[in-house]
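[1] no sequence for this one, just the structure:
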């Protein structure tokens, strides 16, 4: 454990511009603590590309390239290709994009990389909106949520896009969901993903106090509740076929999760039952696809 | 060794001779021969490189940038809409200072769709910070790709080598193909001092405040300007190895010319024939070929027009609402230097209309006498339009 | 304040837009309006312990295998663990948070184990002052008082008029406390604290011999001497719970009503009172030189009570739990069984270096100190988000307004 803390201090340094309680920074810390220093990070426009630091300074001490919004998977694939033609097959190329850069503008390049089975680890840190530009909706924003482009007068109608299903449809070797509220599960999945060749995708739930309107100290707790309520269940998909649940605490209702966050305030008042039913239905759909959960 | 090759075949062969390591491209007419040939060379073991058949041109250039950032030599090719699709990444490549070399096949942009020669695609990208060279023939293609890698890797700027669609991409010519060993001497492997490396971790391209941004731009501008000289030095070196010169500006019979035709690309060959024919009729005509548009080769251009009285610019492109883009560049190149040169700008050859001797001669006559069939619109005279 | 390398000329500007240093110079601590305080707090068990023993502290040491360090921590508040480990009514166990999950920790059994094996522990002692105290009587209160006075730098002698040491403890039947155990406990106490114990002592205040004559203070132990003795000796009554300063050379400690007459299960109370007497009287007897004043709790021993609401039981469920509860056992436990039991302690209010605060800090602003023995906050960078406080499952971290 001391070694773990030591290493994380080295790869991720303080002084960055992340909001107090930022879930995305926790996500990166937890990720780098497993992947280690033999990692190159490719990150597009988004919260991370601005919080990382102001030029010529940075808060990460692994190599990072800050790229154009829709290009993440393509640049990452190019980085990997460049390394491998020079004889380096061991460095992990980590594509690190937000939900906008994955689900929306980045989807085409991602699909291309996955179809070619390019050897990259693509992690989407999902804070469910375009947070960096001021909390606008993305296709990862859940239905019923307030954002600046889905204000109370026009809350988001569409359900959240299911990115893991899209990845699975490509027959990707490994895809998984993970959460900053379940760090041991995340670390296990990162270790597993690190050793697989081909494209690997992790959908990583990262709370956002600023955009979700919750208290900054609750970032981890909110992520935990998302898992417990099965709104963001933990599972893995192998080769696009075999779906397996990860161990999770017992299921609870969505109330606690919703009540922590101001972005659900209007929805909570009017449409709560419907929302719970949606969560339960989606959970059942997932159960229908899955094998039994692996032991701890 | 002599070979008969199309321009696109020459480009593929040049990439192989340059020992490119990562090729990432998306097919688009008339570039397709390049990627097909390269795929074959890699599959057959002739070229040790990674081939990435990406899902769009935006990703093609992105992947090349990623590879180049690790220190690999990267290559791509595109045309027209593909180049337009890459636009964002063109800015990224030059801002990131990556020495990617790209072949662009100059083709018209739609709608309406048109597969044929037109220079608007690359000229519209002249502000992206890429070096732009326009080839006259297949030998030019092969040689300048090799020169381009050498220059790009020293200047850390990306270079676009342009080929006219079909006139150059799909026309076979006799070429002299240099030996691999000699190319290796001229073009050593790419070894950047700064790259994405876990041994020297840095962050590249994060948000920059107002304090340093101007200085970064200024430095890049200075480096781009000084590339003109670097190109000259490198092509002199190339000449030393291979006995062929590829200057940024070429002149033909300009010393005593009353008027000079000026243009870019393959039509400059027809321009020379037109000049000869007009001289037989008593008109003293010369030709200037601009091979490089960016950086604008100010010094050589000014020497080339030293005695010129009238410039006749033929653009295979247009900047709507203004005039031909080469005309704009020529005027900018002249502005402080010569205020007394007469300028006539023509738009001809867009969308694949031939710019042959038969096209050019009447335009020259019209420029000189004022009479002819090219239609005036703003500051431009358009050939080949309906009445 | 971290240095910041600044680019000052075009020549220094990297050609590729690459960074030259980290963001450490950016003091994001300025953003903060609440600051995390990481201080060990008294666990519910310790809050309920009459002697205020820092129970999780010594259980953590034991869990890590440091038996002697564990005993040393226990001895800071209880010098007779072999007695409490058999006689005490263990109110600590009644408040044990682990009860909410499976079974309370068998603290008493652990205490008993430590007492029975601990002989080589080193007690840190202040440099000896030139003051002397005599404790008359060797019951639990007197023994405790003597132990702490001596370890805090006073020269102490215990004089007991009886022929055997132990005071009221001697009246207990062997089923409650084996005579040999009592002897061993007292021997260890006097050995560790370097105290001379005279049994069969002649106490004559009118014609005091050594050491009474030279004593700066004499303390009469009510758990050993009869009330007659106390009255006869012209001692001044001293109520340790009263804040009055000690007056007089001879003081007779008076006990509150609930502790009279002597009740064996209240043994921890008597020990606590003895320690309290030592604290109250030490001002006049002990002059700490430039050395650390050992009367104050060491920095990592808690003073403030932990808030039970901050102890997040649900976080210990599932993979958060180390060992499982086992069936109880009679007598003294062996080392393995004891260590396993110590491992079940949730360490309420006491940092046990689980490092969740470090792993959940979004700003890498919580870290281990240089010796890697405690967790500290980087105040230059901490933004005060409060995640560390919220996530600490044992309530060690609280967010406070601290004006700068």
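    On my side now, so go ahead. Source: prediction; values computed, not measured.

[2] for residue A:160, what are its contacts?
    Listed by C-beta atoms under 8 Å, 6 or more residues apart in numbering or on different chains, the contact set of residue A:160 reads A:128, A:139, A:140, A:141, A:142, A:143. From N, CA and C alone the C-beta is placed, and that goes for glycine too.

[3] I'd guessed the third one sits against residue A:130; true?
    No: if you go by C-beta atoms under 8 Å, residue A:140 and residue A:130 don't touch, sitting 9.5 Å apart.

[4] okay, now residue 213: neighbour count?
    All of this refers to chain A. 15 (other C-beta atoms under 10 Å in any protein chain shown).

[5] my bad, the chain I had in mind was chain B
    13.

[6] contact partners of the helix or strand hosting it?
    Per DSSP states H and E: residue B:213 is located in helix B:210-225. Applying C-beta under 8 Å, 6+ apart, the contact partners of helix B:210-225 are A:55-56, B:94-95, B:97, B:129, B:131, B:155-157, B:208, B:294-295, C:7, C:10, C:13, C:15, C:17.

[7] go on, stretch A:163-177?
    By C-beta under 8 Å, 6+ apart, the list of residues contacting stretch A:163-177 from outside reads A:102-103, A:107, A:111, A:114-115, A:117, A:124, A:140, A:189, A:192-193, A:196-205, A:232-241, A:243, A:246.

[8] which of these fall in helices?
    Residues of these located in helices (DSSP state H): A:107, A:111, A:114, A:115, A:189, A:192, A:193.

[9] what sits against residue C:266?
    Taking C-beta under 8 Å, 6+ apart, we find residue C:266 in contact with C:50, C:89, C:258, C:259.

[10] and these, which are buried?
    C:50, C:89, C:259 (16 or more other C-beta atoms under 10 Å in any protein chain shown).

[11] want to throw the contacts of residue A:160 into JSON lines with distance to chain B, neighbour count and pLDDT?
    Output for the contacts of residue A:160, formatted as JSON lines (distance: C-beta to the nearest C-beta, whole Å; neighbours: other C-beta atoms under 10 Å in any protein chain shown; pLDDT from 0 to 100):
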{"residue": "A:128", "distance to chain B": "23", "neighbour count": "27", "pLDDT": "96"}
{"residue": "A:139", "distance to chain B": "19", "neighbour count": "18", "pLDDT": "96"}
{"residue": "A:140", "distance to chain B": "21", "neighbour count": "22", "pLDDT": "96"}
{"residue": "A:141", "distance to chain B": "25", "neighbour count": "29", "pLDDT": "95"}
{"residue": "A:142", "distance to chain B": "29", "neighbour count": "20", "pLDDT": "93"}
{"residue": "A:143", "distance to chain B": "30", "neighbour count": "16", "pLDDT": "91"}
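
[12] let me know the closest of these to residue C:274.
    Here the nearest of those to residue C:274, counting by C-beta to C-beta, is residue A:128; it sits at 61.5 Å.

[13] around residue B:114, count how many other residues there are.
    16.

[14] so how far is residue C:347 from it?
    76 Å (C-beta to C-beta, to the nearest Å).

[15] give me the element residue A:19 is part of.
    Going by DSSP H and E, residue A:19 is not part of any helix or strand.

[16] typo on my end, residue B:278
    With DSSP H and E as the criterion, residue B:278 is inside helix B:267-280.

[17] tell me what that helix is packed against?
    strand B:249-252, strand B:259-263, strand B:285-290, helix B:357-369 (3 or more C-beta pairs under 8 Å, 6 or more residues apart in numbering or on different chains; DSSP states H and E).

[18] could you rerun that using 6 Å?
    Where contact means 3 or more C-beta pairs under 6 Å, 6 or more residues apart in numbering or on different chains; DSSP states H and E, helix B:267-280 is packed against strand B:285-290, helix B:357-369.

[19] so how far is that helix off the chain centroid?
    22 Å (C-alpha atoms, centre = their mean, to the nearest Å).

[20] report the angle between it and strand B:285-290.
    Going by axes from the mean of the first three to the mean of the last three C-alpha atoms, to 10 degrees, helix B:267-280 is angled at 170 degrees with respect to strand B:285-290.

[21] average pLDDT across helix B:267-280?
    What helix B:267-280 shows for mean pLDDT is 97.

[22] stretch A:186-204 close to chain B?
    No: if you take C-beta under 6 Å from any C-beta of the partner chain as the test, stretch A:186-204 misses chain B, and the best it gets is 13.1 Å.

[23] contacts for that stretch next, please.
    A:27, A:30, A:34, A:113-114, A:117-119, A:121-125, A:163-164, A:167, A:172-178 (C-beta atoms under 6 Å, 6 or more residues apart in numbering or on different chains).

[24] tell me which of those residues fall in strands.
    A:121, A:122, A:123, A:124, A:125, A:174, A:175, A:176, A:177, A:178 (DSSP state E).
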